[in-house]
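A.B. asks: Based on what follows, work out the 3D shape:
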Amino acid sequence: MQAFFQTLVGGLSLGAIYALVAMGFSLVYRTMGLVNFAHADVLMIGAYAASTFYMSTKLPFAVAMALSIVITGIIGLFIERVLRPLENKDFTLMLIGTIGFGMVLQAVAILIWGATGRAVASPVTAAPLDVLGVRIRTYDLVVLLIAAVAVVLLVGFLSRTKRGAAMQAVAMDHEAATAVGIHVGRSNAIAFAIGAGLAALAGGLVGPLLYVNPTMGGTIGIKGFAAAMLGGCGNIPGAIVGGLAIGVLDSFAAGHFQGYSELMVFLLFTVIIMIRPTGLFGEMTVSRA
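C.D. replies: Below is the predicted model:
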């Protein structure tokens, strides 16, 4: 039972990171009907930026995270601005454009930081907590807390602010939203910026858990995308549940199947998607293709 609970907490911590990635995917998808394939590489840039500010310039971890979120937010705005002329004109080119941006970001990361990658020291030096014989890493609890705060802030923004309400209106019907005076392009830009910020938050948090390298976005991004699909792409609560589920499955599969853990996770994911193609909570976005 001790091993079970330790694995569970570790899985929830990793799942919280996948949930942040999935929320970024879902936010852009529900607003624009577009899968941003550059999202995973934005996460990688965020991880590198946070680790640089934290390890090299010796800034506090919270400040390093905030700066990385600002940087990736600007990247998200840039990507949206370049793709904006293609909206409602050529959906395929928009998808290809996000893939191209991802490749550019990988090249930029290698150019700036090299291809060898780096280890990131944990910002939490406290000893693991001992709860009824279960040793829980303090950093895992920090990750869960930060992710929970991010979820509350995002849900509050979408449900309690005029800009959030405008973004939800665009997600439901962009033509009707335009008719009542909502600036669709601005809503899309905000969605990209927030999604990129969530990716940076996930990348910065995962740095002390994994090895930061130019290809890390692919590994984490595919699981974040799977979490978004599992919950129902475009569904924010579904993205949270999907992320936590993928994280827990990944953690337990790693303990029981070792080198075949990812295979087992995606086999189970495939079975669920075959049974429920729209995800556990259903899709909430209208396709604009």
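A.B. asks: Tell me who's in contact with residue 10.
C.D. replies: The contact partners of residue 10, by C-beta atoms under 8 Å, 6 or more residues apart in numbering, come to 137, 140, 251. (C-beta placed from N, C-alpha, C; glycine too.)
A.B. asks: just the residues you listed now: which is nearest residue 9?
C.D. replies: Nearest to residue 9 out of those is residue 140 (C-beta to C-beta; 5.6 Å).
A.B. asks: Could you dump the contacts of residue 10 into JSON lines and include distance to residue 57?
C.D. replies: Formatted as JSON lines, the contacts of residue 10 follow (distance: C-beta to C-beta, whole Å):
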{"residue": "137", "distance to residue 57": "26"}
{"residue": "140", "distance to residue 57": "26"}
{"residue": "251", "distance to residue 57": "33"}
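A.B. asks: Mind putting these into TSV with distance to residue 160, neighbour count and secondary structure?
C.D. replies: Output for the contacts of residue 10, formatted as TSV (distance: C-beta to C-beta, whole Å; neighbours: other C-beta atoms under 10 Å; DSSP: H, G, I helix; E, B strand; the rest coil):
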residue	distance to residue 160	neighbour count	secondary structure
137	34	19	coil
140	30	21	helix
251	34	21	helix
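A.B. asks: now, among those, which is nearest to residue 196?
C.D. replies: Using C-beta to C-beta, the contacts of residue 10 come closest to residue 196 at residue 140, 24.9 Å.
A.B. asks: Find the nearest non-adjacent residue to that closest one, please.
C.D. replies: The shortest distance from residue 140 to any non-neighbouring residue, by C-beta to C-beta, 6 or more residues apart in numbering, is to residue 13 (3.8 Å).
A.B. asks: Does that neighbour touch residue 143 like I think?
C.D. replies: Yes: contact status for residue 13 versus residue 143: in contact at 4.7 Å, counting by C-beta atoms under 8 Å.
A.B. asks: Find the residues that touch each one of these two.
C.D. replies: Both residue 13 and residue 143 are contacted by residue 209, under the criterion C-beta under 8 Å, 6+ apart.
A.B. asks: Quick check: which ranges of this protein have low pLDDT?
C.D. replies: Within the chain, the stretches with pLDDT under 70 are 1, 88, 259, 282-289.
A.B. asks: Where is the longest helix in it?
C.D. replies: The longest helix of the chain (DSSP state H) is helix 2-32.
A.B. asks: mind listing what's buried in that one?
C.D. replies: With burial defined by 16 or more other C-beta atoms under 10 Å, the residues of helix 2-32 counted as buried are 6-32.
A.B. asks: what's the answer for stretch 51-63, then?
C.D. replies: For stretch 51-63, by 16+ other C-beta under 10 Å, it's 51-55, 59, 61.
A.B. asks: got those residues as JSON lines, with secondary structure and distance to residue 180 columns?
C.D. replies: Formatted as JSON lines, those follow (DSSP: H, G, I helix; E, B strand; the rest coil; distance: C-beta to C-beta, whole Å):
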{"residue": "51", "secondary structure": "helix", "distance to residue 180": "44"}
{"residue": "52", "secondary structure": "helix", "distance to residue 180": "44"}
{"residue": "53", "secondary structure": "helix", "distance to residue 180": "42"}
{"residue": "54", "secondary structure": "helix", "distance to residue 180": "44"}
{"residue": "55", "secondary structure": "helix", "distance to residue 180": "48"}
{"residue": "59", "secondary structure": "coil", "distance to residue 180": "44"}
{"residue": "61", "secondary structure": "helix", "distance to residue 180": "43"}
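A.B. asks: Taking those together, which two end up most distant?
C.D. replies: Most distant of the buried residues of stretch 51-63, by C-beta to C-beta, are 52 and 61, 12.3 Å apart.
A.B. asks: Touching both of these two, which residues are there?
C.D. replies: Counting by C-beta under 8 Å, 6+ apart, nothing touches both residue 52 and residue 61.
A.B. asks: from the contacts of residue 10, which is closest to residue 45?
C.D. replies: residue 140 (24.3 Å).
A.B. asks: for the closest one, what are its contacts?
C.D. replies: 9-10, 12-13.
A.B. asks: want to throw those into a markdown table with distance to residue 201?
C.D. replies: Shown next, in a markdown table, are these (distance: C-beta to C-beta, whole Å):
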| residue | distance to residue 201 |
| --- | --- |
| 9 | 20 |
| 10 | 19 |
| 12 | 17 |
| 13 | 14 |
